[in-house]
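Q: Please work out how this folds:
(2 chains)
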There are 2 protein chains.
Amino acid sequence: MHSPKYFQERIGEELAGLSFPSTPSELYEPIRYMMSLGGKRIRPALVLMSNELFGSDPEKIIKVALGLEVFHNFTLMHDDIMDRAPLRRNKSTVHTKWNPNIAILSGDTMFVMSCQLVMNTDPKYSQEVLSLFFKTATQVCEGQQLDMNFESRGEVSINEYIEMISLKTAVLLGCSLKIGAILAGAKSDDTELMYSFGKNLGIAFQLHDDILDLYGEAEKFGKQVGGDILSNKKTILLLLALSHENKQEVDKLKVLINNSVLEPEKKIVAVHEIFERLEIRKKAEQEMEKYFKLALHSFQKVKVEDSRKEILSNLAERLMVRES
Amino acid sequence: MHSPKYFQERIGEELAGLSFPSTPSELYEPIRYMMSLGGKRIRPALVLMSNELFGSDPEKIIKVALGLEVFHNFTLMHDDIMDRAPLRRNKSTVHTKWNPNIAILSGDTMFVMSCQLVMNTDPKYSQEVLSLFFKTATQVCEGQQLDMNFESRGEVSINEYIEMISLKTAVLLGCSLKIGAILAGAKSDDTELMYSFGKNLGIAFQLHDDILDLYGEAEKFGKQVGGDILSNKKTILLLLALSHENKQEVDKLKVLINNSVLEPEKKIVAVHEIFERLEIRKKAEQEMEKYFKLALHSFQKVKVEDSRKEILSNLAERLMVRES
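A: Below is the predicted model:
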């Protein structure tokens, strides 16, 4: 059994070895750039670890794993245009470094590339793997659309929010683990459990991300603490606060949200104080714990000896205690 | 054997019967809208006609044919954003009716949808069909990138132009005919010939489009005659004129191109006159004829009895004499 670090490095090597056509350079240079920005390579690592869990040799499906990483980066490239994000991993986003047209078309090309990579399977599994991959791709698009809708909507329920992050982020983790399992010839009960493991882990992971934005350590998180508060982003923290029964505090919070002249620092402090009084951090962590437990519960039921599961369990734990 | 009209109507029925999820409506409403704008449905018709040519029952692969049409419309939706086109088939483009973000994401979703449709094949052909489809999709992206590059480039050779329209437009026609043939179990010699037939027909078709912009009848063509001249679009007409050995006329043409204050009507007339003196229409038609003959030559070599080929030959002829 190999460590996540081993797989992340293998993926890094494979990515470095990917060759792109030289022309048109305007199409392929942004793809090379995007893939070089780094990242934790979690999705391909999950594909490979799940595959090894069921006793298969993950080297044989490294191209498929790579496909999941290229797909993820395609969605980031297009999301960055839609969100007008200037930076990605502290570097210029493709649409700022080049222009939106280049980012649209390079993104499209990356999606095709991801399909070509995911196709590299034993033909007996290709139908099942591609069906799952395309279904997941559609869900990721739906999640991004819901995320954009929520920005301009007045009220968003906790359930709606969970559904959104489930589509936008979590199903791709489920898909990664399930594809690794399918390609190891795992039984359908087990591939479903791996999917549920990944999906619930993904929800917990995203909730943790929301919590870290305010409660993470600035140096480690690598971005301004409270950035979500300044942009009035509907995170689990804000939504839990807005749905709190304490009307008085909720009203104060709404006034703060609509106050566009308050100094940034003061706004963060004031919202933070309301969150403290309403115990929002604890509630958010409970919500996160709920999905994390659901994830582990599914994983425990997978019919593989416990000793083989340790590495993936540890990775899941680590994703939840990370400070960045 | 069925007529193109029969297949176009069957495709229309299938498109009308496609069901989309109801939410998020911001994602699916633009797809429904785009697919309802009409069009000649040439690509799916080619898939089905090629399939029937080799003795197969095209009803069995109607979903695959539909996939090619959805893919084509995805490329139009994204191209329209990049080209800032306000209209498509005399209706608002998706990015103007909604907004560019919606057009990016609905387009992405359409692309996934097209993959799901193209996957609907006998498993024994799926690897070959999907490989061809993805390769073609990449080429279409490359063609669009080259097209954008050419806009801001000083000189473009005739060969470069043919390469660009080949990628952007023609390979998808080749791909359509080849997929229909593969799915009928045709031999690889014949599937290659069908590809070459479609690709060369596509090049001839695009050259014809360039010629029609200036020499088509306005009422029938449905858009302003000479629009390409006004936008200085590098069409086969302009490129043939610019590469003419008559330096004096070429210089006059360059002055006209760079004249941004001349009245539109006068610019069209002046450029038209230079084209007349340089016999550009004739040269462009010769170029078009060359590719049309290459197309027919490939088709003639396909090992199917001539009587079965008549309908496709007639369709190819009709595409070349159309006035709109």
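Q: By mean pLDDT, point me to the weakest helix or strand of chain A.
A: helix A:218-221 (a mean of 56; mean pLDDT, DSSP states H and E).
Q: who does the helix or strand following that helix touch, helix- and strand-wise?
A: Next helix or strand after helix A:218-221 toward the C-terminus (DSSP states H and E): helix A:227-230. On a contact count with 3 or more C-beta pairs under 8 Å, 6 or more residues apart in numbering or on different chains; DSSP states H and E, helix A:227-230 meets helix A:188-215, helix A:236-242, helix A:264-277. Glycine gets a C-beta too; all of them are placed from N, C-alpha and C.
Q: tell me which residues of helix A:227-230 are tucked away?
A: Applying a neighbour-count criterion of 16 or more other C-beta atoms under 10 Å in any protein chain shown, the buried positions in helix A:227-230 are A:228, A:229.
Q: now swap in stretch A:114-125 and tell me
A: For stretch A:114-125, a neighbour-count test (16+ other C-beta under 10 Å) marks A:114, A:115, A:116, A:117, A:118, A:119, A:120, A:121, A:125 as buried.
Q: if you look at it, does any of it touch chain B?
A: Yes: using C-beta under 8 Å from any C-beta of the partner chain, stretch A:114-125 reaches chain B at A:115, A:116, A:119, A:123.
Q: for that stretch, what is the average pLDDT?
A: The average pLDDT within stretch A:114-125 is 96.
Q: Need the contact partners of it.
A: For stretch A:114-125, contacts defined as C-beta atoms under 8 Å, 6 or more residues apart in numbering or on different chains pick out A:61, A:63-64, A:66-68, A:70-71, A:74, A:126, A:129-130, A:133, A:179, A:182-183, B:115, B:123, B:126-127, B:130-131, B:134.
Q: hang on, the earlier thing: turn the residues of stretch A:114-125 next to chain B into JSON lines, including secondary structure and distance to residue B:29.
A: Shown next, in JSON lines, are the residues of stretch A:114-125 next to chain B (DSSP: H, G, I helix; E, B strand; the rest coil; distance: C-beta to C-beta, whole Å):
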{"residue": "A:115", "secondary structure": "helix", "distance to residue B:29": "26"}
{"residue": "A:116", "secondary structure": "helix", "distance to residue B:29": "30"}
{"residue": "A:119", "secondary structure": "coil", "distance to residue B:29": "31"}
{"residue": "A:123", "secondary structure": "helix", "distance to residue B:29": "37"}
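Q: a markdown table for the residues you listed, including distance to residue A:243?
A: Output for these, formatted as a markdown table (distance: C-beta to C-beta, whole Å):
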| residue | distance to residue A:243 |
| --- | --- |
| A:115 | 40 |
| A:116 | 45 |
| A:119 | 44 |
| A:123 | 50 |
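Q: Name the SS class of residue A:22, please.
A: Per DSSP: H, G, I helix; E, B strand; the rest coil, the local secondary structure of residue A:22 is coil.
Q: my guess is it meets residue A:28, correct?
A: Yes: the pair residue A:22 / residue A:28 is scored as a contact, 7.3 Å apart, by C-beta atoms under 8 Å.
Q: When those two are compared, which one has more neighbours?
A: Higher neighbour count among residue A:22 and residue A:28: residue A:28, with 20 against 8, using other C-beta atoms under 10 Å in any protein chain shown.
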